[in-house]
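*Asks:* Predicted model follows, preceded by the sequence.
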Amino acid sequence: MTSEPDRESHWRVEIAPLQFADLDRVEAIEKECYGMPWSRAMFAGELIKSSSICLGALRLERLIGYLIVSLYVDDWHIMNLAVDLAWRRRGVAGLLLESFFARSEGGRERGYTLEVRPSNDAAIRLYEKFGFVTRGIRRGYYMDDHEDALVMWRENSPGQAGSEG
């Protein structure tokens, strides 16, 4: 009689720094998720910056999501977060954010910021779950359809609650 595989290890997602070798998969996810995807050069530029944290979510060594964050003067700016469509709503984005916050805690940074489409309810709920609040609007921010962007902010609070996975 064979035993069933450990369900926890079967669904385990590892968070690790993105590598240049991941760029093909990053581009595929980006094109799947966004109408105006970043170019390969934009991702490569973030990977080489010492002021960026670029993380990938891997399941069985396959990239299923990524997070790109840059430090600007004294705040972290979440630039890009995407998850393979087949892996959405399974906690992958939350795991990426949790890992990033753990890596960035305790520095001189005063907080975290991002822009998000007002029409992206799922992303807004995720960011609110991580303590972000809307602080403003950038009118016509998105070039593809001129949709506004909500500017969201989170204070740098070590140990702040986040997602349950």
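*Replies:* Thanks, I have it. Only a predicted model underlies this, so the values are computations on that prediction, with no experimental measurement involved. Numbering: from 1, shown residues only.
*Asks:* Near residue 60, how many residues? Count them for me, please.
*Replies:* One way to gauge burial is a neighbour count; for residue 60, by other C-beta atoms under 10 Å, it gives 11. Placement of C-beta: from N, CA and C, glycine included.
*Asks:* Same check on residue 95?
*Replies:* Applying other C-beta under 10 Å, we find 21 residues neighbouring residue 95.
*Asks:* right, and it touches residue 14 too?
*Replies:* No: with contact defined as C-beta atoms under 8 Å, residue 95 and residue 14 do not form a contacting pair (9.1 Å).
*Asks:* what touches both of these two?
*Replies:* Taking C-beta atoms under 8 Å, 6 or more residues apart in numbering as the contact definition, residue 95 and residue 14 share the neighbouring residues residue 57.
*Asks:* tell me, which strand in this protein spans the most residues?
*Replies:* Ranked by residue count and defined by DSSP state E, the top strand of the chain is strand 62-72.
*Asks:* Give the rounded mean pLDDT of it.
*Replies:* In this model, strand 62-72 has a mean pLDDT of 96.
*Asks:* List of residues touching that strand?
*Replies:* The list of residues contacting strand 62-72 from outside it, by C-beta under 8 Å, 6+ apart, reads 13, 18, 22, 25-26, 29, 43, 46, 49, 51-58, 76-84, 86-87, 92-93, 96-97, 100, 104, 109.
*Asks:* Given it, what are its sheet partners and their directions?
*Replies:* Strand 62-72 has these partner strands in its sheet, going by DSSP bridges: strand 52-59 (antiparallel), strand 75-83 (antiparallel).
*Asks:* now the strands: where do they sit in the chain?
*Replies:* So, for the chain - with DSSP E - the strands run 14-17, 52-59, 62-72, 75-83, 111-116, 133-138, 149-155.
*Asks:* Between the ones you listed, which one is closest to residue 33.
*Replies:* Across the strands of the chain, the minimum distance to residue 33, taken as C-beta to C-beta, is reached by strand 75-83, at 4.4 Å.
*Asks:* Output the closest one in PDB, but only the C-alpha positions, please.
*Replies:* Listed next in PDB are the C-alpha coordinates belonging to strand 75-83 (Å, rounded to 0.1, in the frame of the first residue of the first chain):
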ATOM      1  CA  ASP A  75       9.900  54.600   0.800                       C
ATOM      2  CA  TRP A  76       9.400  51.300  -0.900                       C
ATOM      3  CA  HIS A  77       7.400  51.500  -4.100                       C
ATOM      4  CA  ILE A  78       5.600  48.300  -5.200                       C
ATOM      5  CA  MET A  79       6.100  48.400  -8.900                       C
ATOM      6  CA  ASN A  80       4.700  45.200 -10.200                       C
ATOM      7  CA  LEU A  81       3.000  42.100  -8.800                       C
ATOM      8  CA  ALA A  82       1.600  39.400 -11.000                       C
ATOM      9  CA  VAL A  83       0.400  35.800 -10.500                       C
END
